[in-house]
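K.L.:
requesting a structural model of the entry that follows:
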Amino acid sequence: MFRPAVPVLVLLSVLGPAEAQTTPATSAPAAQSAPQAKPAAKKAAAKPKAVAKPADPATTGPCGVGVIAGTGDIFVVQKIGLTVFGNDYAEVPVSWGLDDLVFARTRAAAGNTPVRRISYAKGGLDSYYHPKSGLFRNQRQELSNLIRQVAGNAGCERYLVIMRSEGQLDGTNQSLSGVGIFSRGVGLISYAYVFASIGVTWIDGRTFEVMKGPAVTFEGVMKHMADNFTSNELLQKVDKSMFPETAADSASNAALRDTTRDFLTKRLDKILPPYFAQ
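P.N.:
Take a look at the predicted model:
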(Lines give C-alpha, C1' and ligand atoms only; values in the text may rest on other atoms or scores of the structure.)
Protein backbone atom coordinates (compact mmCIF):
# COMPACT_ATOMS: atom_id res chain seq x y z
CA MET A 1 0.00 0.00 0.00
CA PHE A 2 1.36 3.37 -0.98
CA ARG A 3 1.80 5.78 2.06
CA PRO A 4 2.25 9.57 1.89
CA ALA A 5 5.72 10.83 2.70
CA VAL A 6 6.18 12.07 6.28
CA PRO A 7 7.12 15.80 6.31
CA VAL A 8 10.60 16.50 7.62
CA LEU A 9 10.62 18.69 10.73
CA VAL A 10 13.28 21.36 10.77
CA LEU A 11 14.55 21.93 14.29
CA LEU A 12 15.19 25.57 15.00
CA SER A 13 18.04 26.39 17.35
CA VAL A 14 16.93 28.58 20.21
CA LEU A 15 19.38 31.36 20.88
CA GLY A 16 20.13 32.01 24.53
CA PRO A 17 20.19 35.65 25.93
CA ALA A 18 23.36 37.62 25.17
CA GLU A 19 25.87 38.01 28.01
CA ALA A 20 25.81 41.39 29.85
CA GLN A 21 28.05 44.05 28.31
CA THR A 22 30.10 46.62 30.27
CA THR A 23 29.38 49.21 27.62
CA PRO A 24 25.93 50.10 26.28
CA ALA A 25 24.92 48.42 23.05
CA THR A 26 25.27 50.63 20.04
CA SER A 27 23.41 48.41 17.55
CA ALA A 28 19.92 46.98 17.49
CA PRO A 29 19.63 43.36 18.57
CA ALA A 30 19.74 40.83 15.69
CA ALA A 31 16.33 39.89 14.44
CA GLN A 32 15.31 36.31 15.22
CA SER A 33 15.18 33.93 12.25
CA ALA A 34 11.66 33.31 10.96
CA PRO A 35 10.55 29.66 11.40
CA GLN A 36 10.93 27.58 8.23
CA ALA A 37 7.68 26.56 6.58
CA LYS A 38 6.85 22.82 6.60
CA PRO A 39 6.71 21.12 3.18
CA ALA A 40 3.21 20.14 2.10
CA ALA A 41 2.50 16.43 2.47
CA LYS A 42 2.09 14.57 -0.78
CA LYS A 43 -1.29 12.96 -1.38
CA ALA A 44 -1.40 9.25 -2.08
CA ALA A 45 -2.11 8.48 -5.68
CA ALA A 46 -5.58 7.04 -6.11
CA LYS A 47 -5.55 3.40 -7.15
CA PRO A 48 -7.42 2.64 -10.36
CA LYS A 49 -10.56 0.64 -9.77
CA ALA A 50 -10.39 -2.94 -10.96
CA VAL A 51 -12.65 -3.60 -13.88
CA ALA A 52 -14.85 -6.63 -13.30
CA LYS A 53 -14.39 -9.32 -15.94
CA PRO A 54 -17.54 -10.74 -17.45
CA ALA A 55 -18.34 -14.23 -16.23
CA ASP A 56 -17.69 -17.12 -18.59
CA PRO A 57 -21.11 -18.33 -19.73
CA ALA A 58 -19.72 -21.88 -19.94
CA THR A 59 -19.11 -21.94 -16.17
CA THR A 60 -22.03 -19.88 -14.88
CA GLY A 61 -25.77 -19.87 -15.18
CA PRO A 62 -27.89 -22.77 -16.45
CA CYS A 63 -25.95 -25.80 -17.65
CA GLY A 64 -27.05 -27.48 -20.84
CA VAL A 65 -24.25 -29.98 -21.43
CA GLY A 66 -21.83 -31.09 -18.75
CA VAL A 67 -18.71 -32.85 -20.01
CA ILE A 68 -17.01 -35.54 -17.94
CA ALA A 69 -13.58 -36.33 -19.37
CA GLY A 70 -12.77 -39.68 -17.83
CA THR A 71 -9.54 -41.16 -19.16
CA GLY A 72 -8.01 -40.44 -15.76
CA ASP A 73 -4.72 -39.62 -17.55
CA ILE A 74 -3.89 -43.32 -17.59
CA PHE A 75 -1.64 -44.77 -20.29
CA VAL A 76 -1.62 -48.52 -20.95
CA VAL A 77 1.57 -50.41 -21.83
CA GLN A 78 0.79 -53.90 -23.06
CA LYS A 79 2.78 -56.83 -24.43
CA ILE A 80 1.11 -59.62 -26.36
CA GLY A 81 3.39 -62.63 -26.61
CA LEU A 82 3.25 -65.79 -28.66
CA THR A 83 1.90 -67.57 -25.58
CA VAL A 84 0.08 -66.40 -22.48
CA PHE A 85 3.41 -66.34 -20.63
CA GLY A 86 4.60 -63.55 -22.89
CA ASN A 87 1.67 -61.27 -22.05
CA ASP A 88 2.04 -58.25 -19.82
CA TYR A 89 -0.25 -55.35 -18.93
CA ALA A 90 0.41 -52.15 -16.97
CA GLU A 91 -1.46 -48.90 -16.35
CA VAL A 92 0.82 -45.88 -15.99
CA PRO A 93 -0.31 -42.49 -14.64
CA VAL A 94 0.99 -39.80 -17.00
CA SER A 95 1.01 -36.00 -17.00
CA TRP A 96 0.14 -35.64 -20.67
CA GLY A 97 -3.10 -33.71 -20.25
CA LEU A 98 -5.22 -36.45 -21.85
CA ASP A 99 -8.41 -35.37 -20.09
CA ASP A 100 -7.68 -31.73 -20.94
CA LEU A 101 -7.36 -32.80 -24.57
CA VAL A 102 -10.64 -34.73 -24.39
CA PHE A 103 -12.49 -31.65 -23.15
CA ALA A 104 -10.82 -29.34 -25.69
CA ARG A 105 -11.86 -31.59 -28.60
CA THR A 106 -15.38 -31.93 -27.15
CA ARG A 107 -15.73 -28.16 -27.00
CA ALA A 108 -14.52 -27.93 -30.60
CA ALA A 109 -17.02 -30.59 -31.70
CA ALA A 110 -19.85 -28.81 -29.84
CA GLY A 111 -19.61 -25.74 -32.06
CA ASN A 112 -22.11 -23.16 -30.81
CA THR A 113 -23.44 -25.46 -28.09
CA PRO A 114 -22.09 -24.27 -24.71
CA VAL A 115 -20.45 -27.05 -22.71
CA ARG A 116 -19.22 -27.07 -19.13
CA ARG A 117 -16.49 -29.29 -17.78
CA ILE A 118 -17.46 -31.27 -14.68
CA SER A 119 -14.50 -31.85 -12.40
CA TYR A 120 -14.21 -34.83 -10.09
CA ALA A 121 -11.79 -36.13 -7.47
CA LYS A 122 -8.77 -38.07 -8.65
CA GLY A 123 -9.69 -41.72 -8.85
CA GLY A 124 -13.39 -40.85 -8.85
CA LEU A 125 -14.09 -43.28 -11.70
CA ASP A 126 -11.90 -46.14 -10.48
CA SER A 127 -14.85 -48.12 -9.14
CA TYR A 128 -16.16 -48.40 -12.70
CA TYR A 129 -12.84 -49.30 -14.27
CA HIS A 130 -11.90 -51.77 -11.55
CA PRO A 131 -15.14 -53.17 -10.11
CA LYS A 132 -15.35 -55.68 -7.32
CA SER A 133 -15.45 -59.24 -8.54
CA GLY A 134 -18.87 -60.76 -9.02
CA LEU A 135 -20.85 -63.10 -11.23
CA PHE A 136 -23.01 -60.45 -12.81
CA ARG A 137 -22.42 -56.80 -13.58
CA ASN A 138 -24.88 -54.18 -14.76
CA GLN A 139 -22.52 -51.67 -16.34
CA ARG A 140 -25.36 -49.45 -17.48
CA GLN A 141 -26.67 -49.05 -13.94
CA GLU A 142 -23.15 -48.69 -12.53
CA LEU A 143 -22.42 -45.84 -14.90
CA SER A 144 -25.72 -44.15 -14.12
CA ASN A 145 -25.07 -44.26 -10.37
CA LEU A 146 -21.47 -43.13 -10.76
CA ILE A 147 -22.30 -40.09 -12.90
CA ARG A 148 -25.00 -39.10 -10.43
CA GLN A 149 -22.29 -38.95 -7.74
CA VAL A 150 -19.73 -37.20 -9.94
CA ALA A 151 -22.18 -34.57 -11.21
CA GLY A 152 -23.26 -33.63 -7.69
CA ASN A 153 -25.30 -30.43 -7.82
CA ALA A 154 -24.03 -29.27 -11.24
CA GLY A 155 -27.62 -29.35 -12.49
CA CYS A 156 -26.90 -29.89 -16.19
CA GLU A 157 -29.66 -30.97 -18.56
CA ARG A 158 -27.46 -33.84 -19.78
CA TYR A 159 -23.93 -35.10 -19.47
CA LEU A 160 -21.55 -36.29 -22.15
CA VAL A 161 -19.25 -38.89 -20.62
CA ILE A 162 -16.01 -39.76 -22.42
CA MET A 163 -14.26 -42.72 -20.83
CA ARG A 164 -11.82 -45.50 -21.56
CA SER A 165 -13.48 -48.31 -23.45
CA GLU A 166 -12.43 -51.86 -24.18
CA GLY A 167 -12.34 -53.99 -27.31
CA GLN A 168 -10.80 -57.25 -28.41
CA LEU A 169 -7.77 -57.22 -30.69
CA ASP A 170 -8.46 -59.15 -33.87
CA GLY A 171 -6.80 -62.54 -34.06
CA THR A 172 -6.16 -62.72 -30.31
CA ASN A 173 -7.98 -63.25 -27.05
CA GLN A 174 -6.49 -60.00 -25.73
CA SER A 175 -8.41 -56.78 -25.20
CA LEU A 176 -7.21 -53.21 -25.63
CA SER A 177 -8.47 -50.74 -23.06
CA GLY A 178 -8.29 -46.96 -23.14
CA VAL A 179 -5.25 -45.14 -24.49
CA GLY A 180 -1.90 -46.86 -24.78
CA ILE A 181 0.67 -48.80 -26.76
CA PHE A 182 1.07 -52.51 -27.34
CA SER A 183 3.73 -54.71 -28.89
CA ARG A 184 3.21 -58.10 -30.45
CA GLY A 185 5.72 -60.70 -31.53
CA VAL A 186 9.30 -61.45 -30.56
CA GLY A 187 12.61 -59.93 -31.63
CA LEU A 188 12.81 -58.95 -35.29
CA ILE A 189 9.34 -60.33 -35.91
CA SER A 190 7.53 -57.77 -33.78
CA TYR A 191 5.69 -54.52 -34.16
CA ALA A 192 4.11 -51.80 -32.04
CA TYR A 193 0.90 -49.79 -32.22
CA VAL A 194 -0.59 -46.94 -30.24
CA PHE A 195 -4.32 -47.27 -29.69
CA ALA A 196 -7.25 -45.22 -28.44
CA SER A 197 -10.32 -47.16 -27.39
CA ILE A 198 -12.78 -44.48 -26.23
CA GLY A 199 -16.44 -44.78 -25.26
CA VAL A 200 -18.89 -41.85 -25.39
CA THR A 201 -22.23 -41.84 -23.56
CA TRP A 202 -25.09 -39.38 -23.07
CA ILE A 203 -26.56 -39.32 -19.54
CA ASP A 204 -29.87 -37.64 -18.73
CA GLY A 205 -29.25 -34.87 -16.20
CA ARG A 206 -32.58 -35.37 -14.43
CA THR A 207 -32.91 -39.17 -14.20
CA PHE A 208 -29.25 -40.04 -14.86
CA GLU A 209 -30.33 -42.78 -17.19
CA VAL A 210 -28.20 -43.66 -20.21
CA MET A 211 -29.59 -41.93 -23.29
CA LYS A 212 -29.52 -43.01 -26.91
CA GLY A 213 -26.44 -41.96 -28.84
CA PRO A 214 -25.92 -41.43 -32.58
CA ALA A 215 -24.92 -45.08 -33.06
CA VAL A 216 -28.53 -46.26 -32.57
CA THR A 217 -29.42 -45.06 -36.06
CA PHE A 218 -28.87 -47.48 -38.93
CA GLU A 219 -26.17 -45.26 -40.40
CA GLY A 220 -24.52 -44.91 -37.01
CA VAL A 221 -24.49 -48.65 -36.41
CA MET A 222 -22.96 -49.34 -39.82
CA LYS A 223 -20.34 -46.67 -39.30
CA HIS A 224 -19.51 -48.04 -35.84
CA MET A 225 -19.08 -51.53 -37.30
CA ALA A 226 -16.89 -50.19 -40.09
CA ASP A 227 -14.71 -48.36 -37.58
CA ASN A 228 -14.25 -51.52 -35.53
CA PHE A 229 -13.27 -53.57 -38.55
CA THR A 230 -10.86 -50.99 -39.89
CA SER A 231 -7.58 -51.24 -38.00
CA ASN A 232 -6.45 -47.80 -39.10
CA GLU A 233 -9.40 -46.28 -37.22
CA LEU A 234 -8.43 -47.67 -33.82
CA LEU A 235 -4.71 -48.33 -34.15
CA GLN A 236 -1.70 -46.50 -35.47
CA LYS A 237 1.51 -48.34 -36.21
CA VAL A 238 4.67 -46.81 -34.76
CA ASP A 239 8.33 -47.67 -34.85
CA LYS A 240 8.90 -50.51 -32.40
CA SER A 241 11.75 -48.52 -30.84
CA MET A 242 9.05 -46.30 -29.36
CA PHE A 243 7.86 -49.14 -27.13
CA PRO A 244 9.29 -48.42 -23.65
CA GLU A 245 11.85 -50.67 -21.98
CA THR A 246 9.70 -50.64 -18.86
CA ALA A 247 6.11 -49.48 -18.48
CA ALA A 248 7.18 -46.65 -16.15
CA ASP A 249 9.52 -45.28 -18.83
CA SER A 250 6.56 -44.32 -20.98
CA ALA A 251 5.66 -41.39 -18.70
CA SER A 252 8.85 -39.51 -19.66
CA ASN A 253 8.87 -40.48 -23.36
CA ALA A 254 8.19 -37.20 -25.19
CA ALA A 255 7.95 -38.84 -28.63
CA LEU A 256 5.43 -41.38 -27.37
CA ARG A 257 3.46 -38.61 -25.64
CA ASP A 258 3.21 -36.47 -28.77
CA THR A 259 2.34 -39.41 -31.01
CA THR A 260 -0.36 -40.57 -28.60
CA ARG A 261 -1.89 -37.09 -28.24
CA ASP A 262 -1.96 -36.61 -32.03
CA PHE A 263 -3.65 -39.97 -32.57
CA LEU A 264 -6.15 -39.39 -29.75
CA THR A 265 -7.02 -36.01 -31.29
CA LYS A 266 -7.79 -37.69 -34.62
CA ARG A 267 -9.98 -40.30 -32.94
CA LEU A 268 -11.92 -37.73 -30.90
CA ASP A 269 -12.44 -35.46 -33.90
CA LYS A 270 -13.99 -38.41 -35.69
CA ILE A 271 -16.27 -39.82 -33.01
CA LEU A 272 -17.46 -36.70 -31.13
CA PRO A 273 -19.17 -34.49 -33.77
CA PRO A 274 -22.11 -36.88 -34.33
CA TYR A 275 -23.10 -36.46 -30.67
CA PHE A 276 -23.77 -32.78 -31.28
CA ALA A 277 -25.51 -33.30 -34.61
CA GLN A 278 -28.52 -35.03 -33.05
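K.L.:
what sits against the residue nearest in space to the middle of the chain?
P.N.:
With distances taken as C-alpha atoms, centre = their mean, the residue of the chain nearest its centroid is Asp100 (3.8 Å). The neighbourhood of Asp100, defined by C-beta atoms under 8 Å, 6 or more residues apart in numbering, consists of Ala69. Yep, even glycine has a C-beta here, placed from its N, CA and C like the rest.
K.L.:
how near is it to Leu268?
P.N.:
When distance is defined by C-beta to C-beta, to the nearest Å, Asp100 is 12 Å away from Leu268.
K.L.:
so where is the stretch 101-250 of the chain shaky, pLDDT-wise?
P.N.:
Judged against pLDDT under 70, the low-scoring parts of the stretch 101-250 of the chain cover residues 215-232.
K.L.:
rerun that using 80 as the cut-off
P.N.:
Counting by pLDDT under 80, the stretch 101-250 of the chain contains low-confidence residues at 133-135, 171, 186-188, 215-233.
K.L.:
which of the helices or strands spans Ala255?
P.N.:
If you go by DSSP states H and E, Ala255 is part of helix 254-271.
K.L.:
swap in Phe103?
P.N.:
In this assignment (DSSP H and E), Phe103 forms part of helix 98-110.
K.L.:
retrieve the pLDDT associated with the residue nearest to the centre of the chain.
P.N.:
The per-residue pLDDT reported for Asp100 equals 98.
K.L.:
what residues of stretch 63-76 count as buried?
P.N.:
63, 65-76 (16 or more other C-beta atoms under 10 Å).
K.L.:
tell me the span between the first and last residue of it.
P.N.:
End-to-end distance for stretch 63-76, by C-alpha to C-alpha, to the nearest Å: 33 Å.
K.L.:
so how far is it from its chain's centroid?
P.N.:
Distance, stretch centre to chain centre, for stretch 63-76: 9 Å (C-alpha atoms, centre = their mean, to the nearest Å).
K.L.:
what do you get for stretch 136-153?
P.N.:
Chain-centre distance of stretch 136-153: 22 Å, with C-alpha atoms, centre = their mean.
K.L.:
what's the answer for stretch 64-82, then?
P.N.:
That offset, for stretch 64-82, works out to 14 Å (C-alpha atoms, centre = their mean).
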